[in-house]
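Asker: Structure of the sequence below:
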Amino acid sequence: MPHAVEFVSRVGGVASVAFLNGRGVTAGRIDAAVERGELLRVRKGWVAVPAAQNLASPHDRRIPLGRPERFGIALHRSHRAPFLDEPEGPVDSFAWALLHSITCQTKPDAIVTLDSALHQKRISRTELEFLVAGLPAKYRAYLELSDGSAASGLETKARLGLRRFNIPYRTQVKIAGVGSVDLVVGERLVVETDGREWHTKTEAYLEDRRRDLELAALGYAVLRLSYLQVMEQWDAVIDVIRSMVARDEHRWNPKHLKAGLGTGRELI
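Answerer: Model prediction:
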């Protein structure tokens with residue numbers, strides 16, 4: 001006969017009674033394991049082995065994930081999702097984790113999470129629409145701002161920063177001889193976002209410079225932004241971009257066109 005402690009240990013040390021019942025572990029066996037001290041009742045319908053790791057929770061369970069250094073690990077307010085199966089073990093499904101993630105992050109960080117989930121094809125937009133349908137309206141609105149083409153969280157933050165000032169842009173534009181660029185403002189202002197992890201290695205650094213030179217040869221203006229500039233110095237960045245837009249430097253001018261630039265032939 002199945003042993004309750006064995007099953008609970010296999011799934012990480014915490015399991016629901018429903019999960020155990022579904023695998024042939026009777027209520028009597030669970031009760032007996034609790035009596036012997038082999039299992040603990042951690043909440044209604046859930047048991048754990050004594051060695052299971054504890055989570056600390058502050059009194060205010062609505063504390064966002066963005067401030068863990070102040071509050072430690074927080075258990076967040078649950079939003080009902082009747083169309084999802086309740087988690088049976090200590091590890092949530094991707095859909096459950098995504099659902100709770102977007103409801104306890106700041107709006108920009110939640111959109112970064114949605115962009116990443118879509119870009120990595122962990123979930124389709126249709127599935128995501130279904131997932132957020134039961135959430136309050138403010139969370140459903142996040143989906144309207146998400147874009148699965150974003151290749152990094154830094155790119156998402158830059159995109160949202162442009163959108164906030166109604167600056168027109170395109171994402172992941174493919175240019176012959178260059179490849180995909182993060183953002184193009186208007187017709188010719190390329191904005192690249194460089195996270196330190198991927199852009200300081202010698203090969204990546206040299207490739208970035210090759211791309212910049214090729215873009216210049218094609219008549220594009222390039223702004224290559226660091227993590228710090230996107231995350232902490234965006235006001236200064238947006239001032240530069242708005243000034244360039246005011247001078248029409250994001251558009252092809254007659255001299256470009258006369259030189260055969262800006263014809264669109266370079267776009268893949």
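
Asker: all strands for the stretch 101-250 of the chain, in order.
Answerer: Ranges of strands in the stretch 101-250 of the chain, per DSSP state E, counting those that start in this stretch, are 169-175, 179-185, 189-194, 221-226.

Asker: okay if I get the ones you listed as CSV plus mean neighbour count?
Answerer: Just so you know, the C-beta spots here come from the backbone N, C-alpha and C atoms, and that holds for glycine as well. As requested, these are arranged in CSV below (neighbours: other CB atoms under 10 Å):
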stretch, mean neighbour count
strand 169-175, 16
strand 179-185, 19
strand 189-194, 22
strand 221-226, 17
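
Asker: could I get those as JSON lines with distance to Ile30 and mean pLDDT?
Answerer: JSON lines is the format used below for the strands of the stretch 101-250 of the chain (distance: least, CB to CB, whole Å; pLDDT from 0 to 100):
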{"stretch": "strand 169-175", "distance to Ile30": "52", "mean pLDDT": "95"}
{"stretch": "strand 179-185", "distance to Ile30": "54", "mean pLDDT": "96"}
{"stretch": "strand 189-194", "distance to Ile30": "52", "mean pLDDT": "96"}
{"stretch": "strand 221-226", "distance to Ile30": "55", "mean pLDDT": "96"}
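
Asker: Now render those strands as CSV, adding distance to Ala33.
Answerer: Conversion of the strands of the stretch 101-250 of the chain to CSV gives the following (distance: least, CB to CB, whole Å):
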stretch, distance to Ala33
strand 169-175, 54
strand 179-185, 55
strand 189-194, 53
strand 221-226, 55
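
Asker: pLDDT at Arg140, what is it?
Answerer: On the pLDDT scale, Arg140 is placed at 84.
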